[in-house]
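Enquirer: mind folding the following:
(2 chains)
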Amino acid sequence: MRDNIYLTLLGIFAPLSFLTVGGGQSVIPEMHRQVVDVHGWISEAQFVADFAIARMAPGPGSLIVTLIGWQVAGLLGAVITTVSIFVPSSILVYGLARVWARHRGAPWQKAVEQGLAPIAAGLILAASLTLMRAATGGWLAVAVTLVATAIIVATEVSPLLLIGGGAAVFLLVHH
Amino acid sequence: MTDLAPPPNLRTLFLAFAKLGLTSFGGGLSGWMMQECVRRRRWVTEEEFLTGLALAQALPGVNVVNLPIWIGYRLAGGMGALVSALGVIVPPMLVVVVFAISYGWLQRYAATGIALQGAAAAAIGLSLSMGLRTARRQIVRIRSALVLLAVFAGVGLLQLPMIEVVGVMAPLSIGIAYWQVKR
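Expert: Residues are numbered from 1 along each chain as shown, chains lettered A, B, ... in the order given. Sure, this is the predicted structure:
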């Protein structure tokens, strides 16, 4: 068992790559089933902690796979789960990007671009609303979000500064 | 295609996406990317970006990785796609491991959690402002305005599954756009 743990990880995570959509939260339940229930590699509490850490840290939330791989099979395990979850779906997008570049300027492509633009805009707004609903921090979080929005719309200030400012406001109010 | 900047070299591309990956807190990374790639650096047009975003959402894979691949390929071919994806994945991957190692210590200090909440709240503002900005440009046409409203109402207000909403609205919207282009 020990000698093919890497292959087992690959076998579990690579197919999940094609099932991730949007922010990658869609595969969390299946991941949980495999590593906690089926294989018993990590405990329920550890899984919940991993989820929290991946959400708290910057970058894609799906980096929870790195933590799982690392806890199950060390450094190589971390690399294998990360590669498994990102590479298969990435090859698909890459393929589409190539086809797209080859047909640049075709009428159908213009139609697809014009057709998809309002959908993307709607999705960005919907995502903002979902994030606001999920944000912890109550009225203060809503206030910080709205003020940050107004500042970005009105000025050219660096978003990094705003993010730091948001953190500072929270610290000031809570201490 | 108005006044786009020349495509960046691979190093700039990697660093740009590494910075985006490392500074995205609590989601909303696509708003950040739009600010950086369209508004600030003028690498791609807003319409190109939005196409990439919609496809990145609709295709399998994590959208915040799909989108850098799309933009990276458009700017610098296969290598561009590779370095952009690595930029957005690898540095945050190292950080997440550091966070995991220091988790016990971080938990002891309530301030960490509070600061991260504040950072996340401000980051949502970035996403919201980009949404408003694109919406303002889309609502000038009736088709775009209706599609935008339907998608927002379905995914945002009614919280319907995104894939199904896009699955219905995308063919409809593209079909009408095709008919308009042909005319």
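Enquirer: what's the weakest-modelled helix or strand in chain B?
Expert: Here the helix or strand of chain B ranked lowest by mean pLDDT, DSSP states H and E is helix B:103-108, holding a mean of 75.
Enquirer: which residues touch that one?
Expert: Helix B:103-108 is touched from outside by A:A49, A:I53, B:F99, B:T112, B:G113, with contacts defined as C-beta atoms under 8 Å, 6 or more residues apart in numbering or on different chains. Quick note: C-beta positions are derived from backbone N, CA and C, even for glycine.
Enquirer: thought the third one was touching A:A57?
Expert: So that's B:F99. Yes: with contact defined as C-beta atoms under 8 Å, B:F99 counts as touching A:A57 (4.5 Å).
Enquirer: so where's chain B uncertain?
Expert: Counting by pLDDT under 70, chain B shows low-confidence ranges at B:1-2, B:26-28.
Enquirer: by proximity to chain A, which residue of it wins?
Expert: Per C-beta to the nearest C-beta, B:P92 is where chain B lies closest to chain A, at 2.3 Å.
Enquirer: residues touching that residue, list them.
Expert: A:A57, A:P58, A:G59, A:P60, A:L63, B:G21, B:L22.
Enquirer: again, but for B:L172
Expert: Contacts of B:L172 by C-beta under 8 Å, 6+ apart are B:V147.
Enquirer: and for residue 36, the neighbour number?
Expert: Defaulting to chain A. 18 (other C-beta atoms under 10 Å in any protein chain shown).
Enquirer: look at chain B instead
Expert: 18.
Enquirer: so which elements touch the lowest-mean-pLDDT helix or strand in chain A?
Expert: Within chain A, no helix or strand scores below helix A:44-56, which has a mean of 83 by mean pLDDT, DSSP H and E. Here helix A:44-56 is seen to pack against helix A:64-102, helix B:63-101 when contacts are counted using 3 or more C-beta pairs under 8 Å, 6 or more residues apart in numbering or on different chains; DSSP states H and E.
Enquirer: give me that answer again for 10 Å
Expert: helix A:28-32, helix A:64-102, helix B:63-101, helix B:103-108, helix B:110-138 (3 or more C-beta pairs under 10 Å, 6 or more residues apart in numbering or on different chains; DSSP states H and E).
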